[in-house]
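K.L.:
I would like to see how this sequence folds:
(chains A and B)
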Amino acid sequence: VENVRLLDRLSSRKAALGTLYLTATHVIFVENGSETRKETWVLHSQISSIEKQATTASGCPLLIRCKNFQVIQLVIPQERDCHDVYISLIRLARPVKYEELYCFSFNPKLDKEEREQGWKLVDLNEEYNRMGIPNNYWQISNVNRDYGVCDSYPTELYVPKSATAHIIVGSSKFRSRRRFPALSYYCKDNNASICRSSQPLSGFSARCLEDEQMLQAIRKANPGSDFLYVVDTRPKLNAMANRAAGKGYENEDNYSNIKFQFIGIENIHVMRNSLQKMLEVCELKSPSMSDFLWGLENSGWLKHIKAIMDAGIFIAKAVAEEGVSVLVHCSDGWDRTAQVCSVASLILDPYYRTMKGFMVLIEKDWVSFGHKFNHRYGNLDGDPKEISPVIDQFIECVWQLMEQFPCAFEFNERFLIHIQHHVYSCQFGNFLCNSQKERRELKIQERTYSLWDHLWKNRADYLNPLYRSDHSQTQGTLRPQMAPCNFLYKFWSGMYNRFEKGLHPRQSVTDYLMAVKEETQQLEEELEVLGERLVNLQKLQLNDNKVKSTQQDRSKQLGLSSSNNSLANTPQEYSNDLKSFPSRSPSQGDEEDSALILTQDNLKSSDPDLSANSDQESGVEDLSCRSPSGGGCLPSEDSGKDSDEAVFPAV
Amino acid sequence: MLRSSQPLTGPNRKRCREDEMLLGTVLGEGERGFIIDTRSAQAAKQARMTGGGTEPKSSYLQWRRLHRPLERGRPLQESFVKLVEACNDASNNMDRWLSRLESCRWLSHVKAALSTACLAAQCMDREEASVLVHGAEGTDTTLLVTALAQVILDPSCRTLAGFQGLLEREWIEAGHPFHLRCARSAYSHARLKQEAPLFLLFLDCMWQLSRQFPFSLEFGERLLLTLFDNAYASAYGTFLCNNEKERRESTHSLWACLNQPGEKKKYLNPLYSPNALVIWPSVEPQSIQLWQGLFFRWIRSSQYLDEAWAEIQRLAESN
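P.N.:
Residues are numbered from 1 along each chain as shown, chains lettered A, B, ... in the order given. Model prediction:
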């Protein structure tokens, strides 16, 4: 479609005119006339919703919201064309079969062996070995080898030595979705461990001998402590309500030597709505400071982030400082449990703060333990009530930690942002389906490529220049403050305003320091080589040969320009239009700047059938918010000159 | 860029030929200028009742007046006090933090100050027009705007020496009444009538600029914190008085101390790389952050951030 305009949220004057293309995998906008031929690429799998807005004199506006928080506002001249695009995108962004996904057509030109090697980069058996398992207390169990015990768990699990197959099977029957207690993290220094499961089917009074034995086995696997923490990451009210449905939580009276603890983190519906509200704040035109702060508080987003973090800190402290093992669960043990276990692991073990270690962590606590990627992130068109930014929240927790401990992580913010992007992009096979079982059935590893391999190959882009493995910050456990520290949680504009270049510092300190570091390293290496050469030449000199010293002035060579002086940054609109000069501020929007329209057809009028959800709680769903899957999805990859996006292979 | 105080138009709409001529000579034939009045249109109008006012359009034909109200005086001090109280609140409740931050309005003031300075800079750089800035007295918000605008426009103001010169010119010599404004700070119960943290607001805006342009200022946060400290309580006479007339020569200058080679090093930004261009900050709310290094200075440890800066310094120097 020609003569389409792409609007800029911050400056209504900066509209670009160009042509819109729809392909099998992408939506592409190509700017007219500019010598750089600026292109905006959006993957269909990234599209979260499409909104057709009221036609105005200038055309028919189409708003595309992406799962990676890019928002694209197009204006299409003909209403008919706009409608066609809209209908097409809705279909394209809601794939019905896995085969429609990008990962099955994506071709990075690797041969079969390279693909296989790529998948082998992260090996969980190696990881458990690194932790020190198997040992006297923990062993590997293949009781689930055919997914016969629990189909959302992996085939290989680690359990206490004293947990027989009989105990495991019995316990699994007493746990929601059969997700029995299994090992997530083992601390070899003091034998304390983090185990995870789902909620027990205890109702008001039911008991299960094998489940009680299972917890006892976990406790006994830690001879240094005479009790076990059981942490339920749900709000107490929700957990109690589950009892009416025959589920619930562990009764301290029935389980010997446990200390039970609620650490309330809200459910997936609350989180979905929270993100929704926060994104609405991000879409405000010319918000005042008050609008922004009120909106952010109203969304509750940072409050939830802090809740997840606090839970992770509690568990890490229990393991590191008290030497007590912890069993963590929520309802089904695949959302909040995953978040909290992985945050705790990051705090405890510096290995997970390395690039490789972080990939291993996600592979372990999210991929292998059956986090429902497909349902949560909408690989395929599904139930909008299952959608929730669970891993996004975890990734943000990591970022918040990085901000507090700038030297402690081997990787940088860009690494996190790209991982988040690929959770939704379906360009690689790692985050497909809902369980290991489904992925194996689909033969994902034979038909798609691994994201970890791709990131690892580009790891130079993802390094944190301030990281030093010998630095005090990187050793041992992190010590994040718990209180008072509300103010430590910042709004992550690098993620939620990722594509608004005007908002971010134009000069990347990370990139500059990485370049400096590399240059210094190169210079040191060269110095070594030159030093050796000098020694050799000095030996030759004894034979009266002419010696030329080849020392150059390297400092001028690499031309490290930290500030791109050739490209001035442009002022934003400090006053709506300098020529017309309204005497009032803030600037006033014009007709095209339509405020966010809540489309009525997206609001469900009846109560959602919560029993069909994974999260069977009497959680309150805030019906005043728009459901995010109101339309199709347009992914976007900016294949422009920005080095941030350079990693994405456009096709 | 010019600065002044308000014209004494008064209720009878007095005129002053000399003032009109003075402003007339600034502009060439057919050129236009902008007057940025840091009071609201209403406040400016009301000022006439007490002898002040605004430049009447008919007498200053080439000048276009813009109002950008900036907070000063008692409300600004209250904003500061409230913020410090909120920061000191030890309760762990995340729920109320953001609304408390919002209700003290400090960040709104930062946003407004930066926006107005950018407007002034834009008039000069983009519209190539002259600018006259004034509020009521010309000693508070006026200086905030002119000083910030110069940092935005002029790379020499971003060097350590240039910044010192800017402070001398636009704050000290221009007559910002430091003695009155920086009297007791936020913890004092004595709410002095003349006290107001304009200079702190200026330093906060400087910090925002350093965050948005990490390579463009020759100095870092440490200098800003030192200036804040010395404005309120100092061994040096630099910020002691209200104006040049009051200044005593028998004290030592803070600059002399800061510029000693051993001291100076502490205040330099290891990432500095001279940027000859104008720096245009983003004034979107996401871009304006709370200056933790100042407001949480005594509340939480900055150990990890200090270590990070030490590492940055080490990397920059090893090269």
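K.L.:
any idea how far A:Val42 is from A:Thr448?
P.N.:
21 Å (Cβ to Cβ, to the nearest Å). (Each C-beta comes from the backbone N, C-alpha and C, glycine too.)
K.L.:
which residues in chain B form helices?
P.N.:
Under the criterion DSSP state H, chain B carries helices at the ranges B:17-26, B:41-47, B:73-88, B:94-104, B:106-125, B:141-153, B:160-167, B:178-181, B:198-212, B:221-232, B:254-258, B:261-267, B:292-295, B:303-318.
K.L.:
So which other helices or strands are in contact with the fourth one?
P.N.:
Spelled out, that is helix B:94-104. helix A:289-299, helix A:301-317, helix B:73-88 (3 or more Cβ pairs under 8 Å, 6 or more residues apart in numbering or on different chains; DSSP states H and E).
K.L.:
deepest of the helices of chain B, which one?
P.N.:
helix B:141-153 (a mean of 26; mean count of other Cβ atoms under 10 Å in any protein chain shown).
K.L.:
Report the distance from that one to the chain centre.
P.N.:
6 Å (Cα atoms, centre = their mean, to the nearest Å).
K.L.:
Stretch B:156-172 now?
P.N.:
12 Å.
K.L.:
That stretch close to chain A?
P.N.:
No - between stretch B:156-172 and chain A, judged by Cβ under 8 Å from any Cβ of the partner chain, nothing touches; the nearest distance is 11.4 Å.
K.L.:
Quote the end-to-end distance of that stretch.
P.N.:
19 Å (Cα to Cα, to the nearest Å).
K.L.:
So for that stretch, mean pLDDT?
P.N.:
Average pLDDT, stretch B:156-172: 95.
K.L.:
Could you do stretch B:274-281 as well?
P.N.:
For stretch B:274-281, the per-residue pLDDT averages 94.
K.L.:
what does stretch B:22-34 give?
P.N.:
Rounded mean pLDDT across stretch B:22-34 is 91.
K.L.:
So for the residue nearest the centre of chain B, what's the pLDDT?
P.N.:
Geometric centre of chain B, nearest residue: B:Phe202, 2.6 Å, by Cα atoms, centre = their mean. Turning to B:Phe202, the model gives it a pLDDT of 97.
K.L.:
how about it, what does it touch?
P.N.:
By Cβ atoms under 8 Å, 6 or more residues apart in numbering or on different chains, the residues touching B:Phe202 are B:113, B:143-144, B:147-148, B:171.
K.L.:
Figure out which of the helices of chain B is closest to A:Ile268.
P.N.:
helix B:94-104 (19.9 Å; Cβ to Cβ).
K.L.:
Off-centre distance for that closest one?
P.N.:
24 Å.
K.L.:
Going along the chain, name the strands of the stretch 51-200 of chain A.
P.N.:
With strands called from DSSP state E, counting those that start in this stretch, the stretch 51-200 of chain A shows them at A:60-66, A:71-76, A:138-141, A:157-160, A:182-186, A:193-197.
K.L.:
Over to the stretch 351-500 of chain A?
P.N.:
So, for the stretch 351-500 of chain A - with DSSP E, counting those that start in this stretch - there are no strands.
K.L.:
show me the contacts for A:Ala24.
P.N.:
Taking Cβ under 8 Å, 6+ apart, one finds A:92, A:105 in contact with A:Ala24.
K.L.:
which residues of chain A score low on pLDDT?
P.N.:
Along chain A, the model assigns pLDDT under 70 to residues A:10-13, A:34, A:482-486, A:542-568, A:575-651.
K.L.:
sorry, back to before: return the most buried member of the strands of the stretch 51-200 of chain A.
P.N.:
Buried most deeply of these, by mean count of other Cβ under 10 Å, is strand A:193-197, with a mean of 27.
K.L.:
Can you name the residues that contact residue 246?
P.N.:
As the question left the chain open, I've gone with chain A. Contacts of A:Gly246 (Cβ under 8 Å, 6+ apart): A:201, A:203, A:206.
K.L.:
Sorry, I should have been clearer: chain B.
P.N.:
B:His179.
K.L.:
how much space between the closest residue to A:Ile268 other than its chain neighbours and B:Glu18?
P.N.:
What sits nearest to A:Ile268 in space, not counting adjacent residues and going by Cβ to Cβ, 6 or more residues apart in numbering or on different chains, is A:Ser388, at 3.6 Å. A:Ser388 is 70 Å from B:Glu18, where distance means Cβ to Cβ.
K.L.:
Distance of A:Phe394 relative to chain B?
P.N.:
The gap separating A:Phe394 from chain B is 18 Å, by Cβ to the nearest Cβ, to the nearest Å.
K.L.:
okay, now that residue: neighbour count?
P.N.:
For A:Phe394, the count of nearby residues is 29 (other Cβ atoms under 10 Å in any protein chain shown).
K.L.:
now swap in the one 5 residues further on and tell me
P.N.:
Using other Cβ under 10 Å as the criterion, A:Trp399 is surrounded by 20 other residues.
K.L.:
same question, A:Asn374
P.N.:
A:Asn374: 20 neighbours (other Cβ under 10 Å).
K.L.:
I'd say it and A:Cys426 touch.
P.N.:
No - counting by Cβ atoms under 8 Å, A:Asn374 stays clear of A:Cys426, with 9.7 Å between them.
K.L.:
Now for these two: what residues contact both?
P.N.:
A:Leu432.
K.L.:
What residues does the stretch 51-200 of chain B have near chain A?
P.N.:
Close to chain A, as judged by Cβ under 8 Å from any Cβ, the stretch 51-200 of chain B has residues B:64, B:66-68, B:87, B:89-95, B:97-99, B:101-102, B:105, B:107-108, B:111, B:115, B:118-119, B:121-123, B:126-127.
K.L.:
how close does the residue nearest to A:Ile268 sit to chain B?
P.N.:
20 Å.
K.L.:
and what of A:Asp511?
P.N.:
Distance from A:Asp511 to chain B, by Cβ to the nearest Cβ: 11 Å.
K.L.:
what's the answer for A:Phe428, then?
P.N.:
A:Phe428 is 30 Å from chain B, by Cβ to the nearest Cβ.
K.L.:
Would you mind measuring from A:Gln420 to B:Ser115?
P.N.:
The value you get for A:Gln420 to B:Ser115, if Cβ to Cβ is used, is 32 Å.
K.L.:
Check A:Val122 too.
P.N.:
48 Å.
K.L.:
Cool, thanks, signing off.
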